[in-house]
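Engineer: Turn this into a model:
(2 chains)
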Number of protein chains: 2
Amino acid sequence: MKNKLLPLLLLVGTLTVSAQETVLGFSKKASDEELKLEAAFEKELTASNLDDWMKLMAAEPHWVGTAYGEQNVKWMEKQFKSWGYDTRIDTYQVLFPYPKVRVLELTAPTKYSASLKAIPVEGDPYTEQGDKLLPSYNAFSTDGDVEADLVFVNYGIPSDYEELEKLGIDVKGKIVIAKYYGSWRGIKPKLAAEKGAIGCIIYSDPMDDGYFQGDVYPKGPFKNKTGVQRGSVMDMPLYPGDVLTPGYAATKDAKRLDRKDAPTITKIPVLPISYEDAQPLLEALEGPVAPEKWRGGLPITYHIGPGPAKVHLKLEFDWQLKPAHNLIATLKGSEFPDQWVVRGNHHDAWVHGASDPISGMVALMEEARVVAKLAKQGNKPKRTLVYCAWDAEEPGLIGSTEWVEDHMGELKQKAVAYVNTDGNSRGYLGVGGSHSLQAMVTQVANSVTDPQKGVSVVERRMAANSMRGGDSSFKLSALGSGSDYTPFIQHTGIASLNLGFGGEGSGGEYHTIYDTYTHYTRFKDPGFQYGVALANTAGRIVLRMANAEVLPFELTQWHSTVNGYLGEVMKTLEDMRSDVEKHNKLVKKDAYQLVMDPKKPVATAKMEAEIPYLDFSPLQNVMADLKTSIDTFSKINLTQLPAAKKAQLNKELMGMEQVLLQDKGLPRRDWFKHQIYAPGFYTGYGVKTLPGVREAIEQKEWKEAQEQIGVLATTLKNFDTEVQKLIGIAE
Amino acid sequence: MKNKLLPLLLLVGTLTVSAQETVLGFSKKASDEELKLEAAFEKELTASNLDDWMKLMAAEPHWVGTAYGEQNVKWMEKQFKSWGYDTRIDTYQVLFPYPKVRVLELTAPTKYSASLKAIPVEGDPYTEQGDKLLPSYNAFSTDGDVEADLVFVNYGIPSDYEELEKLGIDVKGKIVIAKYYGSWRGIKPKLAAEKGAIGCIIYSDPMDDGYFQGDVYPKGPFKNKTGVQRGSVMDMPLYPGDVLTPGYAATKDAKRLDRKDAPTITKIPVLPISYEDAQPLLEALEGPVAPEKWRGGLPITYHIGPGPAKVHLKLEFDWQLKPAHNLIATLKGSEFPDQWVVRGNHHDAWVHGASDPISGMVALMEEARVVAKLAKQGNKPKRTLVYCAWDAEEPGLIGSTEWVEDHMGELKQKAVAYVNTDGNSRGYLGVGGSHSLQAMVTQVANSVTDPQKGVSVVERRMAANSMRGGDSSFKLSALGSGSDYTPFIQHTGIASLNLGFGGEGSGGEYHTIYDTYTHYTRFKDPGFQYGVALANTAGRIVLRMANAEVLPFELTQWHSTVNGYLGEVMKTLEDMRSDVEKHNKLVKKDAYQLVMDPKKPVATAKMEAEIPYLDFSPLQNVMADLKTSIDTFSKINLTQLPAAKKAQLNKELMGMEQVLLQDKGLPRRDWFKHQIYAPGFYTGYGVKTLPGVREAIEQKEWKEAQEQIGVLATTLKNFDTEVQKLIGIAE
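Structural biologist: Modelled structure (predicted):
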């Protein structure tokens, strides 16, 4: 039914924006022109290009250092050049471990030797490439040869170790086996090592990622019993990028840490396995039955151990420097060549990487092709566009991080914003990023039509939200880590976005040999309509950032979001207080002991220290001041200002996000400098907003929490000063 | 630690009751004597008796009509006689189907023939009795021979069919396969037949009842892959008891319905199977992947179908009249011989029934032995005790129902209360029943010590509640159905209780060949300490009911509970209203269509009729009047009244629960006459409180709902009149 209305709705959609509001950062006239340009841009986007290019780029495995990866970069360079871009390849020499020895055996009470091998499947020739496929492993696991009793630790995240403590189970000297998910994978060996474990196995449980979710490959898109998720386990929440050159570029002659001193290599060996290989190990465990929420989809009773299952884990890597090739393609701005809109996607993959990252990469390329074509036709972007194809993202955001570290000074001067994409599939638009860009992104998303439903992607998203009783306006999520925006936003303070479609292309191919062109075109985005939608969305964002008279940063939504984070942090403290009070009351009443089943003994519950009150007033005051300033600023009609003032404003606006950094960084990880967003120290990819304060509270570091309130208040005060400066210019 | 304090705590416990409050229904002096008697009673209880008796009674299978069942009854009669009871065996001739032919085959797309056979296990000789074991089946399935495509319907309850409707899947002409649980089993074929299915298979999914829960038998207590839950599927919410003699006793010469007219036999054939037999059937299904909450613990992707799995189900039963032997053992009251405290437990089992019902039966016997012993020593109960061992409970509460129907007139005159038990295991005390008995039960439970923790069973229960943030006082649950209290409370209006310990003896033995003495003593209550605690609790209740000067009915807690039910029912209507409003808003916004994944089509969402407002004021007014009356009555010190008044009061109090009946019964099921409690028409065992009103609302029968408000108001008005009469007597 909807499809019949498509042309009409498209028209209405376009009219809505132009009739009711001008494009943010544009005067009425400029706004009309911009919308015309974007309409021309959209019209030119061609799905078959994405298809052709994916087929080529994902034809063979292409992890960092491979010949096929280099070939992809050179081929892309040729394309960009042909479209009119200035191109160069920025190469860094980065440490990359290749798995030489991988042994995992159950040595008691029965014997089992893990196969560590995913099977080729009928109908997908890409899975039959044998030795060309990268063996499954976790990059930046340390070498090791250990044998010990096994303990099942659920997801291996902090709350799981609390549960183990209650059960009186210690992992010291043991090898842990953890399910994938629940956190970024690198947290699992990090935490296990902190708890004294000597080895770590990670497996994909079929409940989270296998037959429980749906039919497995090749019948359906989900993980079959042999599939293994590869992935990096470097301690990225400490710093991402080359492990030997923290904070500076891994150029050929850079001074490098000794590998044994590299703090982001794991302390214990870690190996990912399939659920087929995990079952005999888990089945051999005894000890308490795992709590209900820990149990997975294997046809066994999940026990925790320790033992009698004993495993031998032996890992050796070939630690070599490999060249990471970043393609940088530039289209010089017609009016403001020293203001850069940076746009990136990585090109390296664990194996073929049709979805991750090629689905995003080919959307970026199509966007770049059309933007350049329109430029040739006279619509040259006013600001410079810098299209980047990053290498070595998979092992730890290495290509982008080294490049950002290398060009830090210039980026701080020139970068207006960074727009990232990565894998993409059918479904809903999701955008994370700097909240000063939320208003602009919402406008853009309102003008992008969902290919399946013929309404705007915002409208479809809002329909889903309303089904869940959720938000009634389009929101950006906060950025933690997990793709190449991290060095831009967290380390350098460049306003960033990360976007993609998803939710209807679920599968188990992620980082396996099954992430192929065949799988992608069968299950994830047949026809590449959502690839085109991504190019359309990202391209419009890039064009608006490039052509805006006044850069489209909007601070009212930023303020209400950050104020929301403050409320959350304060509530966290209150919740902790009431939890401790409840717990202590139960301890006093002896309730834990009375409820304990004597056949299932648990450790004696202890009284917990009470939660102190913290002084949040410095934050509350500065947020109140900021509200006043931002309200004043937001009332000014900026696009009507004289050109000189606009230029001055843009100069300030470009640097605004940098004001949210503190040069000394977050406690214990100075590489992460942003005071509003950071990946969690114990979640990995998952964001912690107002991280200095929030993590100190979560870790019950009360002195540090109060100090961090001070640091954050100073940061926000600086931001207020900056807003005042904007008002000064504009008035 | 707690164990050292045990003697002290016991002492404190006992002192608490006697020092702070007198026993409900007793004057101070009588209260002291009663507590002394109960202490003597408790002291005499002997765990080894329970052990010996279970070993004997559960040695062989003993379903209704078996020689071993009859032998058990005769042996029990001998015991009761030896203890000093007058005994008789009341026998009824009841229809009982024995499975002659059981065929279940997958006929397409592959072939599989279900084994329908649980394996004997090492270490449990009882499981090796071969042909003596009753084949697994669902009693009161109709005969049938059907073949059709299969559809997976989750638990096969109303909400599951709503989900199927959304997915556009119809079960008409199909055979459904449903998981056990989610409702009483008889609802599954009833609903399936209403929806047009021609056959029904029920299986135990390992997530609910198998390895997901814990180690399987014989390693642990849970259901192994071959275990099958037997059980009745007669339409008990219509009427329980003999299917051929609804509402009257199945005496030898009773007029009987023709079997084909018996409304409580299922309309379609139904067979229970193990998860080993279910897997090939489920695995052969295609069609949509089942919603996440439907998926179980088998190592497969759960699809709904219909087909291509096609199954052939053929069932034939030997429909014979069998003798159901109820043992009735009476100890005549010393003061009020025509006031009966009735106490029962069933003795028939599906197979050996160590847990269900023998664990409760032997606790009842030990209680009866000690009560009689104390009687011989001069502590003769003032009221008559009637101990009953019911036959044919498993196929449908048949023995108790026929007996109650047979003795209706006398029971209405003489029964003070009915106290039921059934299976019992380690854990927490749970009591359901008439809320006029809640105060009495709470006092009793406060004086029973938990064998593992040395505190009162109330205190342990409250500790568990406080861990979950729940109730801070001991509460009775409302009774639906599922054991022999049903004919007493629902049909006859005799105040009833049902009690047992449980929660720490979980297993998968229920109604399987694994419910043996071996299993019970390994897992469910090793040492029979909780069997003794059950005898202690039930025995004290019986003794208090028998010896009270004024029968210990208390109406304040009754009122607040019933008022709570009224609040729930009113809230149900409001919740339905807001759900429909939300749904219709989403339909208007086209949200369902916008969110629908085009690769997973669903039926078009339709506008739903708005929920009307009902006039609850008749109920609110009568509940307000009742509060006033009950407040007045509860202020009177009843035990100080002259003997004649007490006698008058007791006469009234005995009949109070009967006032809550309506002779014409509930809509469409006149056997169920109680207006406060009934088993749900579509839940089976699960209770529906204020059933006339509540079920009409749930079924959106608005006219009937308003009528039922009137009926209930009249009922409660009658109850108020009765309370006024009590006040009149007492003042």
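Engineer: Regarding A:Ser232, what are the backbone dihedral angles?
Structural biologist: For A:Ser232, the backbone dihedrals are phi -80, psi 140 (criterion: degrees, to the nearest 10).
Engineer: From chain B, how far off is the most centrally placed residue in chain A?
Structural biologist: For chain A, the residue nearest the mean C-alpha position is A:Gly482 (2.8 Å; Cα atoms, centre = their mean). Remark: distance between A:Gly482 and chain B (Cβ to the nearest Cβ, to the nearest Å) = 25 Å. Just so you know, the C-beta spots here come from the backbone N, C-alpha and C atoms, and that holds for glycine as well.
Engineer: ok, that residue - contacts?
Structural biologist: Each residue near A:Gly482 by Cβ atoms under 8 Å, 6 or more residues apart in numbering or on different chains is listed here: A:184, A:679, A:685.
Engineer: distance between the ends of stretch A:691-709?
Structural biologist: 10 Å (Cα to Cα, to the nearest Å).
Engineer: What average pLDDT does it get?
Structural biologist: Across stretch A:691-709, the average pLDDT comes to 98.
Engineer: and if you look at stretch A:543-555?
Structural biologist: Averaged across stretch A:543-555, the pLDDT comes to 98.
Engineer: Distance across that stretch, terminal residue to terminal residue?
Structural biologist: End-to-end span of stretch A:543-555 (Cα to Cα): 21 Å.
Engineer: what's the answer for stretch A:428-447, then?
Structural biologist: So stretch A:428-447: terminal residues 14 Å apart, Cα to Cα.
Engineer: by contact count, what packs against the longest helix along chain A?
Structural biologist: Secondary structure of chain A per DSSP state H: the longest helix is helix A:555-588. For helix A:555-588, the packing partners by 3 or more Cβ pairs under 8 Å, 6 or more residues apart in numbering or on different chains; DSSP states H and E come out as helix A:438-446, helix A:617-634, strand A:687-689, helix A:691-698, helix B:457-467.
Engineer: which residues are contacting stretch A:656-674?
Structural biologist: In contact with stretch A:656-674 (Cβ under 8 Å, 6+ apart) are residues A:237-240, A:246-247, A:412, A:434, A:436, A:489-495, A:553, A:675-676, A:678-679, A:681, A:691-692, A:695-696, A:704, A:708, A:711, A:714-715, A:718-719, A:722.
Engineer: at 7 Å what do you get?
Structural biologist: Stretch A:656-674 is touched from outside by A:237-239, A:246-247, A:412, A:434, A:436, A:489-491, A:493-495, A:553, A:675-676, A:678, A:691-692, A:704, A:711, A:715, A:718-719, A:722, with contacts defined as Cβ atoms under 7 Å, 6 or more residues apart in numbering or on different chains.
Engineer: cool, stretch A:97-108 as well?
Structural biologist: Outside stretch A:97-108, the residues that touch it by Cβ under 7 Å, 6+ apart are A:112-114, A:116, A:135, A:137, A:139-140, A:147, A:201, A:271, A:273, A:280-281, A:284, A:308-320.
Engineer: From those, which land in strands?
Structural biologist: Among the contacts of stretch A:97-108, the ones falling in strands (DSSP state E) are A:112-113, A:139, A:147, A:201, A:271, A:273, A:310-320.
Engineer: Double-check that A:Tyr428 belongs to a strand.
Structural biologist: Yes - using DSSP: H, G, I helix; E, B strand; the rest coil, the assignment for A:Tyr428 is a strand.
Engineer: Can you flag the buried ones in the contacts of stretch A:656-674?
Structural biologist: A:237-239, A:246, A:434, A:436, A:489-491, A:493-495, A:553, A:675-676, A:678, A:691-692, A:704, A:711, A:715, A:718-719, A:722 (16 or more other Cβ atoms under 10 Å in any protein chain shown).
Engineer: mind listing which of those are in helices?
Structural biologist: Among those, the members found in helices (DSSP H) are A:691-692, A:704, A:711, A:715, A:718-719, A:722.
Engineer: The stretch 201-350 of chain A against chain B: which residues are in contact?
Structural biologist: The stretch 201-350 of chain A comes close to chain B at residues A:206, A:211-212, A:214-215, A:289, A:295, A:297-301, as judged by Cβ under 7 Å from any Cβ of the partner chain.
Engineer: Determine which two of those residues are furthest apart.
Structural biologist: A:Asp215 and A:Val289 (29.5 Å; Cβ to Cβ).
Engineer: between these two, which one's more packed in?
Structural biologist: Using other Cβ atoms under 10 Å in any protein chain shown as the criterion, A:Asp215 and A:Val289 rank with A:Val289 on top: 20 against 16.
Engineer: Ignoring the adjacent residues along the chain, who's closest to the more buried one?
Structural biologist: Closest residue to A:Val289 apart from its sequence neighbours, by Cβ to Cβ, 6 or more residues apart in numbering or on different chains: B:Gly214 at 4.9 Å.
Engineer: what about that neighbour, which helix or strand?
Structural biologist: Under the criterion of DSSP states H and E, B:Gly214 resides outside all helices and strands.
Engineer: measure the residue lying closest to A:Ile202 once chain neighbours are set aside to A:Asp208 for me?
Structural biologist: Nearest residue to A:Ile202, sequence neighbours excluded (Cβ to Cβ, 6+ apart): A:Pro272, at 4.7 Å. For A:Pro272, the distance to A:Asp208 equals 13 Å [Cβ to Cβ, to the nearest Å].
Engineer: More neighbours: the two, which one.
Structural biologist: Neighbour totals were compared for A:Pro272 and A:Asp208, and A:Pro272 leads with 26 against 18 (other Cβ under 10 Å).
Engineer: Pretty sure the more buried one sits against A:Asn138.
Structural biologist: Yes - here A:Pro272 lies in contact with A:Asn138, judged by Cβ atoms under 7 Å, at a distance of 5.5 Å.
Engineer: Spit out the residues that contact the two alike.
Structural biologist: Listed as contacting both A:Pro272 and A:Asn138 by Cβ under 7 Å, 6+ apart are A:Gly231.
Engineer: residues of stretch A:170-181 that come out buried?
Structural biologist: For stretch A:170-181, the neighbour count (16+ other Cβ under 10 Å) marks A:171, A:174-181 as buried.
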